[in-house]
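> need a structure here:
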Amino acid sequence: MAQIDVRRAHDRMHTEIDWLDSWHSFSFGGHHEPGNTGHGHLLVLNDDTVAPAGGFGSHGHADMEIVTWVLEGSLAHRDDQGDEGIIEPGHAQRMSAGTGIRHSEHNASDTEPVHFLQMWVPPDRRGVAPGYEQRDVNDALAGGGLVAVASGQGHDGAVTIHRADAVLWVARLAAGSSVDVPAGGHVHVFVAVGDAVLSEAGPLATGDAVRLTDSGPLTLTAGTDGAEVAIWVTD
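Numbering: from 1, shown residues only. Sure thing, here's the model as predicted:
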């Protein structure tokens, strides 16, 4: 039987310092909540706002697929493999940490904050070569439906992650429009912007999430302000 677990925005763990306002859907860093260490293969979903000119200095990762999705503003990336990029809304970014990578992330603006999601899934196998990929998917999102923006299944136009049973879908929905949420063993529906109603789960506000287990397809409908949603499917 399908399980539906609604998680409200205000119940997330929270980190706030002078340049960072971060909301954690799962245990992260110094925040540990027993039984809340991921959903399926999705281990991290941090909802971050970084102040103008602020950012994360150079730090290391290994054996993790890290996907970054900017909601507002622009984020500058640099790593020790020689990769550099500016990530803006509608640009999917994937960093494969693999055998080890160091990178930094900074707000690219000195005047405006940057708001983004950072999401982690483990790779199928350890020790892959570190790598970086960035794609502009704005044209696909303009159609209003679900768009695969990060995929281990070869979806056209998506950045490639080393996790064959994981796909990140994103939709920008006008008020009252609907999409069918894919069925899956573990599905995580996150309302990043706006509000929506998910069949069987009810109304969802900005920052709310629904964790679905062994679910069939459900319908998600944007509210009066429209919505931007990020949906991970991992089996």
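> how close does T49 sit to T213?
30 Å (CB to CB, to the nearest Å). Quick note: C-beta positions are derived from backbone N, CA and C, even for glycine.
> which of these two has more neighbours?
T49 (19 against 15; other CB atoms under 10 Å).
> which residue ranges of the protein form helices?
138-141 (DSSP state H).
> biggest strand in it by residues?
Secondary structure assigned by DSSP state E gives strand 218-234 as the longest strand of the chain.
> buried sites along it?
218, 220-223, 226-234 (16 or more other CB atoms under 10 Å).
> list every C-alpha atom in it, with coordinates, as CSV.
Taking Å, rounded to 0.1, in the frame of the first residue of the first chain, the C-alpha atoms of strand 218-234 are listed here in CSV:
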residue,chain,number,x,y,z
LEU,A,218,-0.9,11.3,-8.5
THR,A,219,-2.0,14.7,-9.8
LEU,A,220,-0.4,18.0,-8.7
THR,A,221,-2.2,21.2,-9.4
ALA,A,222,-0.7,24.7,-9.0
GLY,A,223,-2.5,27.2,-6.8
THR,A,224,-3.5,30.8,-7.5
ASP,A,225,0.1,32.0,-7.6
GLY,A,226,1.4,29.2,-9.7
ALA,A,227,4.2,26.9,-8.6
GLU,A,228,7.7,25.6,-9.3
VAL,A,229,8.1,22.0,-8.1
ALA,A,230,11.1,19.7,-7.9
ILE,A,231,10.3,15.9,-7.9
TRP,A,232,12.8,13.2,-7.3
VAL,A,233,11.9,9.6,-8.3
THR,A,234,14.3,6.9,-7.0
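> contacting residues for the spatially closest residue to V44 that is not a sequence neighbour?
Nearest residue to V44, sequence neighbours excluded (CB to CB, 6 or more residues apart in numbering): W120, at 3.8 Å. Contacts here follow CB atoms under 8 Å, 6 or more residues apart in numbering; on that basis W120 touches 42-44, 64-67.
> report how many residues lie close to A183.
15.
> what does I101 give?
22.
> that one pairs with what?
H61 (DSSP bridges).
> and if you look at R94?
Beta-bridge partners, per DSSP bridges, of R94: V67, E133.
> was I right about D5 contacting S215?
No: counting by CB atoms under 8 Å, D5 does not reach S215; the two are 10.7 Å apart.
> looking at those two, which is more packed in?
Legend: neighbour count by other CB under 10 Å for D5 and S215, higher for S215 (22 against 12).
> distance check, the more buried one against G152.
20 Å.
> swap in H91?
From H91 to G152 the distance is 19 Å (CB to CB).
> next: D124.
8 Å.
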